[in-house]
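>>> 3D model of this:
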Amino acid sequence: MLLKKIDSLSAKPGWKYEAIEVMGNAIGASGMPVTESVELWFRDPIECVQVLIGNPTFRENLSYVPQKVFMSGTETTRIYDEVWTGDW
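Reported below is the predicted structural model:
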């Protein structure tokens, strides 16, 4: 779901590629653990967050100030459900 949202943005962070060596738990003929080169494709999460925060569509839905949210206005049962509802 998140990747679909990111893909739909007009200014998208680019894909990055890295080849990495991974070591398995099998032992090869040489007596050493078997390794394999695999492709790792990813987007920089910081760039993704910058694009999301910079998108004016989300302007009314973002909060940068901590808030105390309570159930039913009684101010006895506090709700912690979003980042800004915690004790920073």
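>>> packing partners for the strand ranked longest in the chain?
Using DSSP state E to define each element, the chain has its longest strand at strand 15-27. The contact analysis (3 or more C-beta pairs under 8 Å, 6 or more residues apart in numbering; DSSP states H and E) places strand 15-27 against strand 33-43. Quick note: C-beta positions are derived from backbone N, CA and C, even for glycine.
>>> quick one: the strand it packs on to strand 15-27, angle?
Orientation check (axes from the mean of the first three to the mean of the last three C-alpha atoms, to 10 degrees): strand 33-43 against strand 15-27 gives 160 degrees.
>>> buried stuff in the helix or strand just after strand 33-43?
As assigned by DSSP states H and E, the chain's next helix or strand after strand 33-43 is helix 45-54. Of the residues in helix 45-54, Cys48, Val51, Leu52 count as buried by neighbour count, 16 or more other C-beta atoms under 10 Å.
>>> okay, and for the chain, where does confidence drop off?
6, 9-10 (pLDDT under 70).
>>> Which residue, neighbours along the chain excluded, lies closest to Ile53?
Counting by C-beta to C-beta, 6 or more residues apart in numbering, the nearest residue to Ile53 once its immediate chain neighbours are dropped is Leu62, at 6.7 Å.
>>> what about the one you found, distance to Pro45?
17 Å (C-beta to C-beta, to the nearest Å).
>>> next one: Ser8
17 Å.
>>> same check, this time on Val83
Taken as C-beta to C-beta, the span from Val83 to Pro45 is 15 Å.
>>> what's the first-to-last distance across stretch 65-85?
9 Å (C-alpha to C-alpha, to the nearest Å).
>>> And stretch 24-31, by the same measure?
Rule used - C-alpha to C-alpha; the end-to-end distance of stretch 24-31 is 13 Å.
>>> who touches that stretch?
By C-beta atoms under 8 Å, 6 or more residues apart in numbering, the surrounding residues in contact with stretch 24-31 are Pro33, Val34, Thr35, Glu36.
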